[in-house]
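Novice: Have a look at this prediction, sequence included:
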Amino acid sequence: MIKKSIKIFLVLLFLGLFVKGSSFVFGQTAEQIDEEIRILNNQIEGQRKQLETVQNRQKEYAALIKQKEQEKDTLQNQLEILDSRFKQSELEIEEVKLEISKNDLEIRKTAIDIDNNSEKIEKEKRHISDLLKLIYKQNKTTPIEIILLNDSLTDFINQVKYLENTNEEISDSLELLKDAKDQLEKQEVILKEKEDKLAELRKELDKKQMILEGELEDKAFLLTETNQSEQEYRNLLDLAKKEQEKAANEIVSLEKSVREKLAQRPEKDINEFNDSGFIWPVAKNVITTTFHDPDYPFKRSIGEHSGVDIRASQGSTLYAAASGYVARVKFDGSTAYAYIMIIHGDGLSTVYGHVSGVIVKEDEYVVQGQTIGKSGGSPRTVGSGAFSTGPHLHFEIRKDGMPVNPLNYLP
């Protein structure tokens, strides 16, 4: 019997249940805990229903935007599309806020479950401890003493059976204890996952709020630049389209001619990419417009979006995303569209658009991370071009002269 007690005690040590006590405070009754969980479940269900309502409203605005995009491209129609996008973005923000609230409630519910399981563990530990004390006490008594202490053989047999039942009870309690400990560990993993999700949702909220600001800038830009005149709107679109086409044709033409000249230089092998990968040309920030963005508001008028727009304050420092030769610096200090183009190895090149300042010159070799200029994009500022609605960097990566998705290359 002593060996059995020692074995049980060693199992408890292995489980780590005597080494580390619970850090939770148990002041609630089982009924109070059940009631709190019931209330939280009702609140979570309420948040879920609100989310469904918001998502259905988002679908309505998406359908409206799609319908408007099929209609004639007029100033009024474009303003209505921007209004619908704005309302859609507001709903997306509301959706994320509801997700945050729902996730927060789920975290609270999981924390209660953890407290509840921890209390069960503490209760079983105390129960097993009491049983072990009883066995230890009986082990100090010899069989002859047990016989003498009992009035009859029947009493002696009953006490032996009682001790056997106690051993079985300890074994059962150990199983319950192990199950509770396993459940506790799973709940702690769930809690960590929910906390990580909450942090991601908060980042998503910040991103959507920045996108909303960009949509407000788009509308304000159109109203200011066109003075609500349809003819002014047409003139602005024509100017922007010509700027974009000129820049695109120039980049494609330069790509081939510059590479041919560089191939004749022995000092640096331009045919090989010399870095481990690209870096962000400005501090990593929200992407307000993606590559070939289906929601790009001026896609019908100007064409596909050939890069990504990275949110950046006016005058932010620009860095070379990779080492290479400066093929083109299009910058004259006016409000005309300004950009820098750098040629890299493996048929790759980068373009930095709406620049407000330049500190490199054509035919110069730059290393990755070197400062090359300043970002811009605020309407009617140096280098912004005809159709930039707010401060940002338009960034392109090209492969053999053709635009590719920069997010497939950036870390």
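Specialist: Cool, the structure landed.
Novice: Wait, P379 touches P391, no?
Specialist: No. Counting by CB atoms under 8 Å, P391 is not a contact partner of P379; they are 9.4 Å apart. Just so you know, the C-beta spots here come from the backbone N, C-alpha and C atoms, and that holds for glycine as well.
Novice: tell me the domain ranges of the protein?
Specialist: The chain breaks down by automatic domain parsing into domains covering 2-224, 232-408.
Novice: For this structure, just list every one of the strands.
Specialist: 287-289, 308-311, 317-319, 324-330, 339-343, 348-353, 355-358, 365-366, 371-375, 392-399, 402-404 (DSSP state E).
Novice: what residues are up against V54?
Specialist: 91, 94-95, 98 (CB atoms under 8 Å, 6 or more residues apart in numbering).
Novice: okay, and for the stretch 201-350 of the chain, where does confidence drop off?
Specialist: Applying pLDDT under 70 to the stretch 201-350 of the chain flags residues 265-272.
Novice: among the domains of the chain, which is the most enclosed?
Specialist: Of all the domains of the chain, domain 232-408 carries the top mean neighbour count, a mean of 18, counting by mean count of other CB atoms under 10 Å.
Novice: Centre of the chain to it, how far?
Specialist: 26 Å (CA atoms, centre = their mean, to the nearest Å).
Novice: Just the terminal-to-terminal distance for it.
Specialist: 38 Å (CA to CA, to the nearest Å).
Novice: that older thread, how about the strands of the chain in JSON lines, adding distance to E52?
Specialist: Output for those, formatted as JSON lines (distance: least, CB to CB, whole Å):
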{"stretch": "strand 287-289", "distance to E52": "28"}
{"stretch": "strand 308-311", "distance to E52": "31"}
{"stretch": "strand 317-319", "distance to E52": "44"}
{"stretch": "strand 324-330", "distance to E52": "50"}
{"stretch": "strand 339-343", "distance to E52": "45"}
{"stretch": "strand 348-353", "distance to E52": "41"}
{"stretch": "strand 355-358", "distance to E52": "45"}
{"stretch": "strand 365-366", "distance to E52": "52"}
{"stretch": "strand 371-375", "distance to E52": "41"}
{"stretch": "strand 392-399", "distance to E52": "34"}
{"stretch": "strand 402-404", "distance to E52": "38"}
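Novice: Out of those strands, the one nearest F273 is which?
Specialist: Closest to F273 of the strands of the chain is strand 348-353 (CB to CB; 6.4 Å).
Novice: That closest one to strand 371-375, inter-axis angle?
Specialist: Put simply, strand 348-353 runs at 40 degrees to strand 371-375, going by axes from the mean of the first three to the mean of the last three CA atoms, to 10 degrees.
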